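Trainee: Here you go, sequence then predicted model.
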Amino acid sequence: MNDEAFTKKGFLISTDKALLDFDVIFNYLDRESYWAKNIAPQRLQTAIEGSLCFGVYKDGNQVGFARIISDMATFAYLCDVFILPAYQGAGLSKWMMQTIMAYPGLQGLRRWSLATLDAQGLYKQFGFTPLTNPEQWMQIFTPYKAE
């Protein structure tokens, strides 16, 4: 799939993995996020390589990120979504979600999934709802341990 780029008000959203700043992504996920603390750098690198990634940039510096795990036909899992604190409140999360949801390779999927502790308001704007039948979903959860 071709890399795509979208610009707005001096910001850029791109799916070009060559633009990703691994240190920014790793530092945020490992130190700031509640969902990926203690992730090993190699594990994150492998996850990025196997995902469709959206980076948000200002003046060439990465300020946001989201990762999609998908077969590009039936299912997508949205994860690792963040905007750096200094750039929050400028509508970047909403713009990134608009860009993701309109991305050509993700159209016509039967199901999208995500997990969030505190951003339900953002995701509801894009059609996400609580699980209809959570008793039908199962998981294996193995938190990362500090290495």
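Mentor: All right, it came through fine.
Trainee: Could you use CA atoms for every contact and neighbour count after this?
Mentor: OK.
Trainee: Contact partners for the spatially most central residue of the chain?
Mentor: Centroid-nearest residue in the chain, with Cα atoms, centre = their mean: A66, separated by 2.0 Å. A66 makes contacts with 53-55, 78-82, as judged by Cα atoms under 8 Å, 6 or more residues apart in numbering.
Trainee: 6 Å instead, please
Mentor: Residues counted as contacts of A66 (Cα atoms under 6 Å, 6 or more residues apart in numbering) are 53-54, 80-81.
Trainee: Kindly report the same for I83.
Mentor: So I83 contacts 63-64 (Cα under 6 Å, 6+ apart).
Trainee: what about 10 Å?
Mentor: Counting by Cα atoms under 10 Å, 6 or more residues apart in numbering, I83 makes contact with 28, 55-56, 62-66, 89-93, 96.
Trainee: for S93, same thing?
Mentor: 56, 64-66, 81-83, 87, 99, 122-123.
Trainee: For Y144, which residues are in contact?
Mentor: Contacts of Y144 (Cα under 10 Å, 6+ apart): 35-40.
Trainee: Give me the pLDDT for it.
Mentor: pLDDT recorded at Y144 is 84.
Trainee: which pair in the contacts of Y144 spans the largest distance?
Mentor: Using Cα to Cα, the contacts of Y144 span at most 13.1 Å, a distance reached by W35 and A40.
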